[in-house]
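S.K.: how would this look folded up:
(chains A and B)
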Protein chains: 2
Amino acid sequence: MNPSDREQRVLDRIERVRRRRAEVKENRITLAHGAGGKATQTLIDAIFLEAFRNPLLEPLGDAAELAVGGSRLALTTDSFVVTPLFFPGGDIGDLAVNGTVNDLAVAGARPLYLTAGFILEEGLPVAELTRIVGSMRAAADAAGVCVVTGDTKVVHRGKGDGCYINTAGVGVIEYQGQLGLSGVRPGDAVIVSGPIGEHGVTVMLARGDLDIEADLVSDTAPVHGLVAELLACTTGVRAMRDATRGGVATILNEVARTADVAVVVDEDAIPVRPEVRGAAELLGIDPLYVACEGRFVAIVDGAEADRALTAMRRHPLGAQSAVIGRVKADPPGLVLLNTAFGGTRICDLLVGDPLPRIC
Amino acid sequence: MNPSDREQRVLDRIERVRRRRAEVKENRITLAHGAGGKATQTLIDAIFLEAFRNPLLEPLGDAAELAVGGSRLALTTDSFVVTPLFFPGGDIGDLAVNGTVNDLAVAGARPLYLTAGFILEEGLPVAELTRIVGSMRAAADAAGVCVVTGDTKVVHRGKGDGCYINTAGVGVIEYQGQLGLSGVRPGDAVIVSGPIGEHGVTVMLARGDLDIEADLVSDTAPVHGLVAELLACTTGVRAMRDATRGGVATILNEVARTADVAVVVDEDAIPVRPEVRGAAELLGIDPLYVACEGRFVAIVDGAEADRALTAMRRHPLGAQSAVIGRVKADPPGLVLLNTAFGGTRICDLLVGDPLPRIC
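M.R.: Predicted structure coming up:
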């Protein structure tokens, strides 16, 4: 099959999948619609994509690619509603900067400029806002970006949970290759950039509803430096996604469905800290579905996997990068997990929202 | 005084004003911090500007101007928390599109791309969301912009008032002249693009707390076409601002303070529909402080005012444009209102928030 046939087949498949799920069955919005799983995808396809349909939006990547003058720009947006506002290793402020920096980075862009939109709750201590904004500045400095414009709204007491933040980001795409899930093919390797699930588990524990103590901090970090190392070492990178809401499992399902391939993952190969594994077990959730805020998944030409891994491991943020699986032709659209016990199970999208308000 | 002396004097003045108000005296955020008046300006100066300080942010205009490749881009962001979500003449959806389109337009940019970040409340009827998103699409089409990327979060029932929307926007600045409040000088004319206060009064009445009936609809509209007509007819436009939160009075105060000039307005010359005047009287607020969402203030070289007005009135959205006042040298920093009764009073920034959650 030549590349253009393949591309057409993938596009047809995307269209079929979308049409199939393009109906929101619920009458009202539920927390699951914000969880990044099946309900979120249905909402996006049925409501947002349906209304806004245009060629720049339709790839539904982490950022849109725009041609402006002679430049290729990436534009992205993310709102942050995490609760609590402060947690070990970070707060809503650095999360809001790193999240948008990472969306630009995995789209192959050099992050440049951020906007910051604040929705503040009447009664929020000014000292907390000052602390949050200070974290944003520190994170922006660390990522080499500037907050260039902003907006502040205040909502009534009882609404808004203290503070919601939206950041939009603009970056410039200097990478010459083509990144995108439609380039993924059988034989490719699946790499994660570090141990997974730390952010989500840390935030859950920080709420204090569970009587679990663990020595955990959020993994919130800007990955643009690590991404740059990876892109510089090989032209074999097919696509990258940062593994936030819904975790690595949700990303892998997106890969399988969009590229019409199977993704086969070895459970033993997935880096998970023992504290995360323990806490996730008590929470009754697989770490594969838990949000990270400083990790990404890269799909890389299988022949280039070693080179990619070596480059990533040289970077402090990628020291524990690992190849966790391979792309295969069959069964298309599915993620299969080879378990530690020697079995294989399907790793599907989540239906509900086991961990609401994580980012 | 040569231009660079003048510019330096204005910059020094801005710095002095900022230092003077650079302390938030309240311990907690109040609704006034979101009203666009004194408290908002203090919050921006003391918390946001202080933390994020950089040359692109510091002009604090409606949009930041960025140099990317060979292009001049404008980037802006705005969050919308209006309640109710639907009101005569519009809803939060078209407001979110027009608001950001207008921020780009008054910065002299041609609006191109929008992002859309939704924070939805658990329990929001899906039919309402569909209607809001449909309005956004219609408004985007009318303004010639595309929504190219988005994000959806869901917050718990009781938070979020149904739906908050953030839109960030990117436009390209093709206008060759220099726009900015530091170019404003004595002798300039102050033009408003149409009758003021319709949006704010309409939303207040739509809440139904007041037993007032009036035949009013929001003025929500994209002003980029009207702005383009104005910029095409004269090189004498010094600066433009869209008169949203805090209304025309807040804009005029920004002009007076930033440019270190006096703005003298004739009350009789301000276009206000009788229904707005009547409702505002019952609400106990001056229409000059009421938000518009499809009107802007232009400061224009006095010698070019007639030409500007003629061009604006040819456009449907500017048919009722009017010169409402003049810029003078003294007293610097103040807005003076020549009242209908022959007196003169100072028209200061608002301290509280008489009309919360208008946009």
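
S.K.: when you work out contacts or count neighbours from here on, use the C-alpha atoms and nothing else.
M.R.: OK.

S.K.: show me where chain A has helices.
M.R.: For chain A, the helices defined by DSSP state H occupy A:3-21, A:38-43, A:50-52, A:92-106, A:126-143, A:198-206, A:224-233, A:247-259, A:274-283, A:305-314.

S.K.: out of those helices, which comes closest to B:Pro222?
M.R.: helix A:50-52 (17.9 Å; Cα to Cα).

S.K.: what's the closest one in contact with?
M.R.: Contacts to helix A:50-52, defined as Cα atoms under 8 Å, 6 or more residues apart in numbering or on different chains, come from residues B:133-134, B:137, B:146-147.

S.K.: just these that are near chain A?
M.R.: Filtering these for neighbours of chain A using Cα under 8 Å from any Cα of the partner chain leaves B:133-134, B:137, B:146-147.

S.K.: so which of the helices of chain A is the most packed in?
M.R.: helix A:92-106 (a mean of 29; mean count of other Cα atoms under 10 Å in any protein chain shown).

S.K.: between helix A:126-143 and that one, find me the angle.
M.R.: Counting by axes from the mean of the first three to the mean of the last three Cα atoms, to 10 degrees, helix A:92-106 lies at 30 degrees to helix A:126-143.

S.K.: just checking: what are the partner strands of the lengthiest strand in chain A?
M.R.: If you go by DSSP state E, chain A has its longest strand at strand A:109-121. The strands that strand A:109-121 pairs with in its sheet are strand A:146-155 (parallel), strand A:163-173 (antiparallel) (by DSSP bridges).

S.K.: which residues does the closest residue to chain B within the stretch 201-350 of chain A contact?
M.R.: The minimum distance from the stretch 201-350 of chain A to chain B, using Cα to the nearest Cα, falls at A:Arg245 (10.1 Å). For A:Arg245, the contact set (Cα under 8 Å, 6+ apart) comprises A:35-36, A:289-292, A:358-359.

S.K.: low-confidence bits of chain A, can you list those?
M.R.: A:1-22 (pLDDT under 70).

S.K.: and A:Gly70, how far is that from A:Gly117?
M.R.: To A:Gly117, A:Gly70 is 29 Å away according to Cα to Cα, to the nearest Å.

S.K.: got it, and A:Gly200?
M.R.: 23 Å.

S.K.: so what's the residue count around A:Asp353?
M.R.: 19 (other Cα atoms under 10 Å in any protein chain shown).

S.K.: and the residue nearest to it when sequence neighbours are not counted, how many neighbours?
M.R.: What sits nearest to A:Asp353 in space, not counting adjacent residues and going by Cα to Cα, 6 or more residues apart in numbering or on different chains, is A:Ala32, at 4.7 Å. Using other Cα under 10 Å, A:Ala32 has 21 neighbouring residues.

S.K.: with A:Asn166 instead?
M.R.: 32.

S.K.: OK, contacts around it?
M.R.: So A:Asn166 contacts A:77-80, A:96, A:115-118, B:117, B:166 (Cα under 8 Å, 6+ apart).

S.K.: next one: A:Ile358
M.R.: Neighbouring residues of A:Ile358 by Cα under 8 Å, 6+ apart: A:81-83, A:200, A:203-204, A:245, A:291.

S.K.: same question for A:Ala39.
M.R.: A:24, A:32-33, A:351-352.

S.K.: for the residue lying closest to A:Gly325 once chain neighbours are set aside, what are its contacts?
M.R.: Nearest residue to A:Gly325 in three dimensions, chain neighbours excluded: A:Val265, at 4.1 Å (Cα to Cα, 6+ apart). By Cα under 8 Å, 6+ apart, A:Val265 lies in contact with A:324-326, A:335-338.

S.K.: what of A:Pro274?
M.R.: So A:Pro274 contacts nothing (Cα under 8 Å, 6+ apart).

S.K.: one more: A:Glu267?
M.R.: Going by Cα under 8 Å, 6+ apart, A:Glu267 touches A:324, A:337-340.

S.K.: in a markdown table, list the residues you listed along with distance to chain B.
M.R.: Listed next are those as a markdown table, based on distance: Cα to the nearest Cα, whole Å:
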| residue | distance to chain B |
| --- | --- |
| A:Ile324 | 28 |
| A:Leu337 | 29 |
| A:Asn338 | 32 |
| A:Thr339 | 32 |
| A:Ala340 | 34 |
